[in-house]
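1. Return atomic coordinates for the entry below.
(one chain, ligands or ions: 2)
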Amino acid sequence: MNIHTSLFDEQILEVENLQLGRAGSRAFSLVNGVSFSLKAGKTLALVGESGSGKSLTALSVLRLLPEPSVRVLGGSIRFEGRDLLNLDGPNLRDVRGGGIAMIFQEPLSALNPVMSIGRQLREAVRAHEKLDRKATDRRVIELLELVRMPDPERVAREFPHRLSGGMRQRVLIAMAMAGRPRVLIADEPTTALDVTVQAEVLDTLRGLQDKFGLAILLITHDLGLVADYASDVAVMYAGRIVEHGPVHEVLGSPFHPYTRGLLNARPHADQVVCGGVRPRLTEITGSVPNPLDMPSGCPFWPRCPVATGACQLRRPNLSPVGVSHTAACFKAEALA
Ligand SMILES: Nc1ncnc2c1ncn2[C@@H]1O[C@H](COP(=O)(O)OP(=O)(O)OP(=O)(O)O)[C@@H](O)[C@H]1O
Ligand SMILES: [Mg+2]
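-> Ligands and ions are numbered 1, 2, ... in the order given. Sure thing, here's the model as predicted:
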């Protein structure tokens, strides 16, 4: 095996049996038994309707959960073999930004409105390395060039409100890259942007991935983006992964009735124009269950077109339905 292959074959991030929620007298569970891993140079998409636990899962990786209302109740998260859930302050700071960085849906709220882009980027650079003023400025321009920002010197002098949404998101990606992370978590990074700008931002991410072997966890509602940009996909429903596998398998031969529902609910090309923004997934009949009132058995049975009586009694486990492809449905268990 050559060095390149072994480097890109490594699991960088491994989440195992993650449980999030609250313990004690008013206990509830929001994320349950979520497991996935991420390799260098690959993109795992996390998809599912609103409230399925995607953002909480992402936040837990950076230890940014809104504690004490939501905590890690069980499981493990390992980054380059290190146990993230038991890291102390200084080591945690090293990992945040340095090892793992995150970008969010609304770039404007993540930028300081009264500071120039250059100054914000200089601060991001200084948080990770000690460079003199000149070298810091050079690194700022280099970061803006990395995200394919046109006219970086001019942009560095601008304030956030003077930039378009797509340019602001690129500034945030540049900031995220300041610490030379190995994992980038992108929580609906393009939902607020129009379709052509979405593609530019995601192409920028893909360029960084190819150049640095960045592993990306891409949270999105848009299955079109999953098909174009992800290598693997995990479909979440009510705090659990219900289908997981390579993109071509999961989207090409979806097994779980929920995944099939999502694919059917996908907006068609002629629906795309909606002020330039793609509409969110149209609903599958019924709604996501309230975490305080989960149905017994399979959480999807009340909305499932093929549920039987057995589905109301017992919850199906993720079982193999193809090469590296699993689904949590009794039909899958029967196949296995
Ligand atoms: N601070 C909190 N306290 C209690 N419950 C919370 C808190 N934050 C989120 N939740 C609940 O956890 C569940 C999962 O939320 P999460 O934000 O992870 O969903 P999501 O999949 O990211 O949804 P969306 O697609 O809308 O961003 C939801 O039921 C939500 O109401
Ligand atoms: Mg979210």
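2. Poorly predicted segments of this structure, please.
-> 1-9, 267-283, 336 (pLDDT under 70).
3. mind checking the longest helix of this structure?
-> Counting residues, the longest helix found in the chain (DSSP state H) is helix 195-212.
4. which outside residues touch the helix or strand following it?
-> The helix or strand immediately downstream of helix 195-212 is strand 215-219, counting by DSSP states H and E. When contacts are defined by Cβ atoms under 8 Å, 6 or more residues apart in numbering, strand 215-219 is touched by residues 12-13, 38-47, 54-55, 58, 61, 182-189, 205, 209, 225-226, 229-230. C-betas here are computed from N, CA, C, even on glycine.
5. Give me the subset of those that also touch ligand 1.
-> Of the residues in those, proximity to ligand 1 by Cβ under 6 Å from any ligand atom holds for 54-55.
6. Out of the contacts of strand 215-219, which sit inside helices?
-> Counting by DSSP H, those contribute 54-55, 58, 61, 205, 209, 225-226, 229 to helices.
7. Would you point out the most distant pair within those residues?
-> Greatest spatial distance among the ones in helices among the contacts of strand 215-219 (Cβ to Cβ): S55 and Q209, at 21.6 Å.
8. so F255 touches E333, yeah?
-> No. F255 lies out of contact with E333 (Cβ atoms under 8 Å); the separation is 11.3 Å.
9. Looking at these two, which one has more neighbours?
-> The neighbour count for F255 versus E333, taken as other Cβ atoms under 10 Å, is higher for F255 (24 against 16).
10. In this structure, mark out all the helices, start to finish.
-> 3-8, 54-61, 89-95, 107-110, 117-128, 133-146, 152-157, 165-177, 195-212, 223-229, 247-252, 257-264, 330-335.
11. Show me what the fifth one is packed against.
-> Contact partners of helix 117-128 among helices and strands, from 3 or more Cβ pairs under 8 Å, 6 or more residues apart in numbering; DSSP states H and E: helix 133-146, helix 152-157, helix 165-177.
12. Contact residues of the stretch 201-336 of the chain facing ligand 1?
-> The interface of the stretch 201-336 of the chain toward ligand 1, taken as Cβ under 6 Å from any ligand atom, is made up of P291.
13. Could you give the residue of the stretch 201-336 of the chain that lies closest to ligand 1?
-> Residue nearest to ligand 1 within the stretch 201-336 of the chain: P291 (4.9 Å; Cβ to the nearest ligand atom).
14. I'd guessed that residue sits against V31; true?
-> No. The criterion here is Cβ under 8 Å, and P291 misses it with V31 at 9.4 Å.
15. which one of those two has more residues nearby?
-> V31 (26 against 17).
16. so the more buried one makes contact with V15?
-> No. Here V31 lies out of contact with V15, judged by Cβ under 8 Å, at a distance of 10.1 Å.
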